[in-house]
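In: When you get a sec, could you give me coordinates for this:
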Amino acid sequence: MYGLIGKKLTHSFSKRYFTEKFQREGINSQYDLFELAEIRVFPDLLRKYPALRGLNVTIPYKSDVIAFLDGLSPEAEAVGAVNTIKFDGGRHIGYNTDVIGFRVSLEEVLEGKKLKKALVLGSGGASKAVVYTLRAYFGCESQLVSRRASKNILSYEQLAQMDLGSYDIVVNTTPLGTYPNEHTSPNLCYEQFRQGQIAFDLVYNPEETLFLKHAKAHLATPTNGMGMLVEQAEASWQIWEA
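Out: All right, here's what the predicted structure looks like:
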């Protein structure tokens, strides 16, 4: 048994993805969704489902789950967030396959172009993987944006006074725009988007979020999170099977 933990999972494609994969490849396993109201009940989940061999982790527990694990891969430790847990001889080890998922997806969009400056919307576990990947693999520095300003993080109000077009890529790591709340989007000056700029939304349901529609209307190159989802899911499976 494998599965996904998070707070609200009605938007998730993971169960369908892995169920179809297991059927297609003749793998005798199942994948389920486990909504946790609070991360502190994580140990109860493990006791209730002793057949579990691996888990994916999504919003908002990618960082909080670390306190319940027995160890981290070097990359998960560097990122400070986990989206994959391997059950290994009674131990629970955290990994981060968001890194490879985001890296591969972004490489396909860039087609060899260089990035210097990134604007990353959100400050949760997904944003940590994005910031790490941009720096480690693309040599690109990031500016984080959140609802409230803090050290090295801008608020959306502060961002309104800046030139959005000065960034090579804008990445939405927040759940804004996710089904069934497709009418929502980050509070940005979308008219500042420009041609040659990349708008990357980690959301994959719907295929085109309001964030991407606004960015595309101002000639930015839109990319959703579906490719990243597939890449990180396959990387998770390789970890579980190793």
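In: Can you give the domain ranges for the chain?
Out: As recorded under automatic domain parsing, the domains making up the chain are 2-96+228-241, 99-224.
In: Endpoints of the longest one, how far apart?
Out: Taking Cα to Cα, to the nearest Å, the span from the opening residue of domain 99-224 to its closing residue is 15 Å.
In: Equivalent analysis for the first one, please.
Out: Its first and final residues considered, domain 2-96+228-241 spans 11 Å by Cα to Cα.
In: Can I get the lowest-mean-pLDDT helix or strand in the chain as PDB, trimmed to CA atoms?
Out: None of the helices or strands of the chain scores lower by mean pLDDT, DSSP states H and E than helix 156-159, at a mean of 93. Once non-C-alpha atoms are left out, helix 156-159 reads as follows in PDB (Å, rounded to 0.1, in the frame of the first residue of the first chain):
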ATOM      1  CA  TYR A 156       2.200  41.300  -2.000                       C
ATOM      2  CA  GLU A 157       1.700  44.900  -1.000                       C
ATOM      3  CA  GLN A 158       5.500  45.500  -1.200                       C
ATOM      4  CA  LEU A 159       5.600  43.700  -4.500                       C
END
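In: what are the pairing partners of the helix or strand just after it, and which direction each?
Out: Downstream of helix 156-159, the next assigned helix or strand under DSSP states H and E is strand 169-172. The pairing partners recorded for strand 169-172 under DSSP bridges are strand 117-121 (parallel), strand 198-201 (parallel).
In: What mean pLDDT does the last one get?
Out: Mean pLDDT, strand 198-201: 98.
In: Ok, stretch 128-147 next?
Out: Rounded mean pLDDT across stretch 128-147 is 97.
In: Alpha carbons only: can I get it in CSV?
Out: Written as CSV, here are the backbone C-alpha positions of stretch 128-147 (Å, rounded to 0.1, in the frame of the first residue of the first chain):
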residue,chain,number,x,y,z
LYS,A,128,11.7,25.6,-0.7
ALA,A,129,12.1,22.9,-3.3
VAL,A,130,11.7,25.5,-6.1
VAL,A,131,14.2,27.9,-4.6
TYR,A,132,16.7,25.1,-4.0
THR,A,133,16.4,23.8,-7.5
LEU,A,134,16.7,27.3,-9.1
ARG,A,135,19.9,28.0,-7.2
ALA,A,136,21.5,24.5,-7.3
TYR,A,137,20.7,23.6,-10.9
PHE,A,138,20.2,26.9,-12.8
GLY,A,139,22.4,29.4,-10.8
CYS,A,140,19.3,31.5,-10.4
GLU,A,141,18.5,33.5,-7.2
SER,A,142,15.0,33.8,-5.9
GLN,A,143,12.8,36.4,-4.2
LEU,A,144,10.1,34.9,-2.0
VAL,A,145,6.7,36.5,-1.7
SER,A,146,4.1,35.7,1.0
ARG,A,147,1.0,37.3,2.6
